[in-house]
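S.K.: 3D model of this:
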Amino acid sequence: MLKEAWTSEPGSALAGFVASRFDRIGEGLALPRHRFAILRSFTVEPVIPILRAMAYVSGVALDTHVGEFNTYPQEILDPESAIYRFRPHIAVLAVQTRDVAPDLWRGEATGEGVLPRYSDWIASFRTHSTAALIVHSLEVPSHAAGILDAQRQSNPAESIRAINTGLRVLAAQHRGVYILDYDALVARHGRENWGDERKWLTVRLPVASANLPHIAAEWMRFLHPLTGKLAKCVAVDLDNTLWGGVIGEDGMNGIRLGPEYPGAAYQELQRALLDLMRRGVLLAVCSKNNPAEALEALQSHPGMLLKPRDFAAMRINWDEKSHNLREIAAELNIGLDTVAFLDDNPVERQQVREQAPEAVVIELPEDPMQYARAVRDCAWFERLSLSAEDRRRGELYAAQRQRSELERTVTSKEDFYRSLQQVAEIAPANPQTLARVAQLTQKTNQFNLTTRRYTEQQVEQMIASPEWRVWSLRVTDRYADNGLVGVAIARLNGDVCEIDTFLMSCRVIGRTVETALLAHLAADARERGAKLLQGWFLPTKKNAPAQDFYRRHAFDEVANSPEGVLWNFDLNAKTIATPEWIRVATVVGSGAITG
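M.R.: This next block holds a predicted model:
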């Protein structure tokens, strides 16, 4: 009910109520908690309840800390400041142009010296914290010196844009630092209407009340990928969603789809979906239709930008859409909570909310001209990095369909494994693979023994420590290079090697490559002097496929608590063998491959 109330009327008026109600029931929901800190040069307190309500509705509980007004330089530079004692997972540096460069804001200077200050702040923050840091870019003022400014090669607006370009360069030099384009945010909602001069002069709040949700929404665009709240697939309806009209009544020639109005609205939605596909989001069809008619339109209509080959799964039938979404998730081997549902019909959306509440339902406006924007504005599709695996995701799922067809033709599992001709490349994580390793810890849920989330900078610290080992696993087979699909993180503590993280992408679950990675981890632990290999299984709502992993590999259960089960493996008495149908290629320190 709280989600529905917020969806129907999001904003300042309801935010406090929604956040407080979620606070009361939060423990029972077992939502992941994240610490969110704000370093600021202006009043942000009215945004906090809006942000917390948005986060709760997306399945994240936020503990927030707001730094003292305009003390951000001291807080960043002082290692004992409140911001570092709070130990945030995510921090925002929200500073206005008029505060950090007042002369430039008034058009009286060029802004020289601003970037060096940001450089010092970012470097200091990264020294003292592993939190992700989101830095607001500077805002171009709406006021100017008239048309004269446009005639000058050097003017305040150009100086601010140059600083913002420099900020992006600075961010790229530090892991886990991201730029929020605050100037673009202001421009999208209108520079003249963004601020409230009375509130600025009285309470140092430079943003009009109506625009406060826009700031919270922009922060949420970063929160989603940073907290692992990602949609891996978008399942789309066809009639009046992907095209205008009903194929069963209007026929292929009667549906509205093309470069001119009204068909242009549906083509623009298809372009938005193609953009998602390039980001690694899978596309699926979930539609009530006659399959033959729908497939003919998808394949042959001249206005169709998407083709059947672009969809990783299809359910075109007359079943309930909640049922079809569950089947799509099962076919793609992903959680239902990573499937977004796109349908013009509010009745169908409500049916999915009630019967498949885990799915992400995208609320579409009544006007089809706004469909594409609704998709592009959906924070569930945001990404902060794009790996080679993301770009090739559609191709990888096509290869998976070939594997499934092969599996149906062989007589035994062992024959299937041998026929795949799998090669497991196991390597220490390095600067080139670090981003993907961190990404997998943040998004992998089904085969993940502990579901511990790590940022790039946290993984980087582990790599630099002699106590830790961070291994990556890349798998290739006769059909495709599956990319980097596995991560193992272990820490040596005396003669015990503790498995901190062990995870595998859903694409390779059940192909025994997890045994190859565990065998390598055990052999490395033995070489480092460990006598015992130890690991927890910490159950979540999603990682049941990993529940028996340690038992199946002859580990002994030594402790059982409400939090999880602790398992031990005696390295002196037992060994773990790599399956004979997997060739292991180990990357050594020089980058050479052996095996």
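S.K.: Strands along the stretch 451-595 of the chain, start to end?
M.R.: Using DSSP state E, counting those that start in this stretch, the strands of the stretch 451-595 of the chain run over residues 468-476, 481-493, 496-504, 532-537, 556-560, 565-570, 582-587, 593-594.
S.K.: Just the residues contacting the first one, thanks.
M.R.: I take that to be strand 468-476. Residues external to strand 468-476 that are found in contact with it (Cβ atoms under 8 Å, 6 or more residues apart in numbering): 422-429, 433, 436-437, 459, 462-463, 481-492, 504, 508, 511, 513, 516-517, 520-521, 524. Placement of C-beta: from N, CA and C, glycine included.
S.K.: just checking, Pro291 touches Trp318?
M.R.: No - if you go by Cβ atoms under 8 Å, Pro291 and Trp318 don't touch, sitting 10.0 Å apart.
S.K.: With neighbour numbers in mind, choose between these two.
M.R.: For Pro291 versus Trp318, the count of surrounding residues by other Cβ atoms under 10 Å is larger for Pro291: 13 against 9.
S.K.: between the strands of the stretch 451-595 of the chain, which gets nearest to Ala235?
M.R.: strand 481-493 (23.4 Å; Cβ to Cβ).
S.K.: average pLDDT for the closest one?
M.R.: Mean pLDDT, computed over strand 481-493, is 94.
S.K.: I'd like to know how many residues surround Ala488.
M.R.: Based on other Cβ under 10 Å, the number of other residues close to Ala488 is 25.
S.K.: Apart from its chain neighbours, what residue comes closest to it?
M.R.: Trp471 (4.4 Å; Cβ to Cβ, 6 or more residues apart in numbering).
S.K.: Can you tell me how far that neighbour is from Leu521?
M.R.: To Leu521, Trp471 is 7 Å away according to Cβ to Cβ, to the nearest Å.
S.K.: what touches both of those two?
M.R.: Common neighbours of Trp471 and Leu521 (Cβ under 8 Å, 6+ apart) are Ala488, Ala490.
S.K.: Check which helix or strand the spatially most central residue of the chain maps to.
M.R.: Per Cα atoms, centre = their mean, the C-alpha nearest to the average position across the chain is that of Pro225, at 2.7 Å. Taking DSSP states H and E as the definition, Pro225 sits inside helix 212-227.
S.K.: Wait, Gly107 touches Glu158, no?
M.R.: No - in terms of Cβ under 8 Å, Gly107 does not count as a neighbour of Glu158; the distance is 11.6 Å.
S.K.: For the stretch 1-150 of the chain, give me the ranges with low pLDDT.
M.R.: 1-2, 8, 26-28, 144-146, 150 (pLDDT under 70).
S.K.: And the helices in the stretch 251-400 of the chain, which stretches?
M.R.: Listed in chain order, the helices of the stretch 251-400 of the chain (DSSP state H, counting those that start in this stretch) span residues 263-278, 291-300, 321-332, 346-355, 371-376, 388-391, 393-409.
S.K.: which other residues reach the longest one?
M.R.: Right, the one you point to is helix 393-409. By Cβ under 8 Å, 6+ apart, the residues outside helix 393-409 that reach it are 277, 280-283, 309-310, 312, 332, 389, 416, 419-420, 477, 479-480, 482-483, 507.
S.K.: For it, what does the pLDDT average out to?
M.R.: On average, helix 393-409 scores 74.
S.K.: With stretch 179-195 instead?
M.R.: The pLDDT scores in stretch 179-195 average 95.
S.K.: Buried by neighbour count: which residues of that stretch qualify?
M.R.: Across stretch 179-195, burial judged by 16 or more other Cβ atoms under 10 Å covers Ile179, Leu180, Tyr182, Asp183, Leu185, Val186, Trp194, Gly195.
S.K.: now do stretch 564-572
M.R.: Quick answer for stretch 564-572 (16+ other Cβ under 10 Å): Gly564, Val565, Leu566, Trp567, Asn568, Phe569, Leu571.
S.K.: How far away from the center of its chain is that stretch?
M.R.: Offset of stretch 564-572 from its chain centre (Cα atoms, centre = their mean, to the nearest Å): 32 Å.
S.K.: now stretch 178-191
M.R.: So, by Cα atoms, centre = their mean, the centroid of stretch 178-191 is 21 Å from its chain's centroid.
S.K.: end-to-end on it?
M.R.: Using Cα to Cα, to the nearest Å, one end of stretch 178-191 lies 23 Å from the other.
S.K.: Repeat that for stretch 271-287.
M.R.: 19 Å.
S.K.: begin at 15 from here
M.R.: That works, and once the first residue is 15, the last one we named lands at stretch 285-301.
S.K.: Buried residues, that stretch. List them.
M.R.: By 16+ other Cβ under 10 Å, the buried positions in stretch 285-301 come out as Ala286, Leu287, Leu290, Met291, Gly294, Val295, Leu296, Leu297, Ala298, Val299, Cys300, Ser301.
S.K.: Show the buried residues in the contacts of strand 482-490.
M.R.: Looks like the contacts of strand 482-490 have 436-441, 443, 447, 450-451, 473, 476-477, 495-506, 518, 522, 525, 527, 530-531, 534-535, 538 buried, using 16+ other Cβ under 10 Å.
S.K.: how near is Arg597 to Val527?
M.R.: 11 Å.
S.K.: quick one: common contacting residues for the two?
M.R.: Shared contacts of Arg597 and Val527 (Cβ under 8 Å, 6+ apart): Gln436, Ala438.
S.K.: State the number of residues packed around Arg49.
M.R.: Neighbour tally, Arg49, other Cβ under 10 Å: 15.
S.K.: OK, contacts around it?
M.R.: Contacts of Arg49 (Cβ under 8 Å, 6+ apart): Leu76, Asp77, Thr78, His79, Phe100, Arg101, Pro102, His103, Ile104.
S.K.: what does Ser151 give?
M.R.: Neighbouring residues of Ser151 by Cβ under 8 Å, 6+ apart: Asn178, Leu181, Ile193, Leu194, Asp195, Tyr196, Asp197, Ala198.
S.K.: Which of the residues you listed fall within strands?
M.R.: Ile193, Leu194 (DSSP state E).
S.K.: Tell me which two in the contacts of Ser151 are the farthest apart.
M.R.: Leu181 and Ala198 (12.9 Å).
S.K.: What segments of the stretch 115-264 of the chain are strands?
M.R.: With DSSP E, counting those that start in this stretch as the criterion, the stretch 115-264 of the chain has strands spanning 146-150, 191-194, 247-250.
S.K.: Where does the prediction get shaky in the stretch 465-609 of the chain?
M.R.: Within the stretch 465-609 of the chain, the segments meeting pLDDT under 70 span 601-609.
S.K.: Try it again at 50.
M.R.: Residues of the stretch 465-609 of the chain meeting the criterion pLDDT under 50: 604-609.
S.K.: Let's have the strands of the stretch 115-264 of the chain in CSV, adding distance to Leu162.
M.R.: Shown next, in CSV, are those (distance: least, Cβ to Cβ, whole Å):
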stretch, distance to Leu162
strand 146-150, 29
strand 191-194, 30
strand 247-250, 48
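S.K.: So for His228, which of these sits nearest?
M.R.: strand 191-194 (11.8 Å).
S.K.: and Glu126, how far is that from Ser133?
M.R.: Taken as Cβ to Cβ, the span from Glu126 to Ser133 is 13 Å.
S.K.: should've said Arg492
M.R.: Counting by Cβ to Cβ - Arg492 and Ser133 are separated by 50 Å.
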